[in-house]
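Enquirer: After the sequence you'll find the predicted model.
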Amino acid sequence: MEHEKNEPRRRPPERNSRAAQAAQQRRDQRREQAHLEELRQKQRKRARHRTRRRINPGVWKRILIMAAVVAAVVLSMVLFFRVRSVEVTGSAYYTADEIRAACGVAQGDNLLTLSRARIAGNIMAELPYVSTVQVTRRLPDTLELTVTEYDVTYAAQGADGASYLITADGKITEKIDETAARGHIAVTGLQLADPVVGQQLTVAGDDDVAAQGQHDALCALLQALEEAGLTKKAASVAVPSSYELSFWYGDQYEVKLGNSENLPYKLAYLEKVLESLADYQTGTIDLSFSEGSEARFTPKQ
């Protein structure tokens, strides 16, 4: 017993170890985060309370009225403004019923949500002789279609040996026989590659660049003839290449134009040349201006 009393007392192990310190630090962080979250919640409650106090009952009433108006407008678009009639003007080649059938609009469709571009596209794709379509909504229930059709078509031969009618902007409108082709301005010097009615023409050829050049030159020439009012005088046009354009003015004059540059000027110059020629004369009028700025007339021998 005496020996036990004289032994030194052992100290308990220190609790401030690294693990204990880390645990205490985590507890402190959690308490701090909880405290911050409590403060944020209080701030949000105060902000909502201030917002409610700022918006007085009159403002809330106006907001509710505006919401009711918007709902009424949406509801009216859904329930009212339904298509009851489709009116067609400007058509000559096609009947109004054919155009209505092609437009893709049915009675009862919502007038305000119809796509005007899609309607016009449907008609022009289905009816090749239609050039343009103007689509107008007339509230509350009428759709107006104003149609423009091509006045002039030209006869060109396809690589398949058949004849096709084309427009000045290169659209294929119809496949025809040789007898019908004689009643139109003939296009020579090229052939259509894989012609499809209703689609844009492509020119047959081994060289894609040259074929595209012929296509562009052909369209430029046909459009220039129409703008100059010469389609009733033109018997045929020839486009063997993009730089050898020509056409027959009746059966009296072959008019050579060279390339497609300055076609309006060349055709206006043609009128001056014709005024200087006698009615009985026939031959070739060269307006290519390949040798200076003057036109040259070569009488037929």
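Expert: Yep, that arrived.
Enquirer: so where's the stretch 51-200 of the chain uncertain?
Expert: 51-57, 59-60, 71-79 (pLDDT under 70).
Enquirer: Let me see the ranges of the strands in it.
Expert: Counting by DSSP state E, counting those that start in this stretch, the stretch 51-200 of the chain has strands at residues 85-89, 130-138, 142-149, 154-157, 163-166, 172-176, 185-188.
Enquirer: what comes up buried for the third one?
Expert: Of the residues in strand 142-149, those scored as buried under the neighbour-count criterion (16 or more other CB atoms under 10 Å) are 143, 145, 147, 149. Bear in mind the C-beta positions are built from the backbone N, C-alpha and C, glycine included.
Enquirer: Strand partners (parallel or antiparallel) of it?
Expert: Paired neighbours of strand 142-149 in the sheet (DSSP bridges): strand 85-89 (parallel), strand 130-138 (antiparallel).
Enquirer: the inter-axis angle of that strand versus strand 172-176?
Expert: 60 degrees (axes from the mean of the first three to the mean of the last three CA atoms, to 10 degrees).
Enquirer: domain parsing for the chain?
Expert: 85-149, 154-299 (automatic domain parsing).
Enquirer: how long is the last one end to end?
Expert: By that I understand domain 154-299. 28 Å (CA to CA, to the nearest Å).
Enquirer: Where do the helices of this protein begin and end?
Expert: Per DSSP state H, the chain carries helices over the ranges 2-6, 18-54, 57-79, 96-103, 116-126, 178-181, 208-227, 263-276.
Enquirer: Now stretch 273-287 - C-alpha only, CSV.
Expert: Output in CSV follows, covering the C-alpha atoms of stretch 273-287 (Å, rounded to 0.1, in the frame of the first residue of the first chain):
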residue,chain,number,x,y,z
VAL,A,273,-31.7,49.9,-136.5
LEU,A,274,-35.1,48.7,-137.7
GLU,A,275,-36.3,52.2,-138.3
SER,A,276,-33.4,52.7,-140.7
LEU,A,277,-34.1,49.6,-142.8
ALA,A,278,-36.6,49.3,-145.6
ASP,A,279,-39.5,47.0,-145.1
TYR,A,280,-38.4,44.7,-148.0
GLN,A,281,-34.8,44.2,-146.6
THR,A,282,-33.8,41.0,-144.9
GLY,A,283,-30.6,39.8,-143.4
THR,A,284,-28.5,39.7,-140.3
ILE,A,285,-28.3,42.5,-137.7
ASP,A,286,-25.2,42.2,-135.5
LEU,A,287,-25.5,43.9,-132.2
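Enquirer: what comes into contact with it?
Expert: With CB atoms under 8 Å, 6 or more residues apart in numbering as the test, stretch 273-287 has contacts from 249, 252-258, 266, 269-270, 295-300.
Enquirer: Return the subset of these lying in strands.
Expert: In strands, defined here by DSSP state E, the members of those are 249, 253-258, 296-299.
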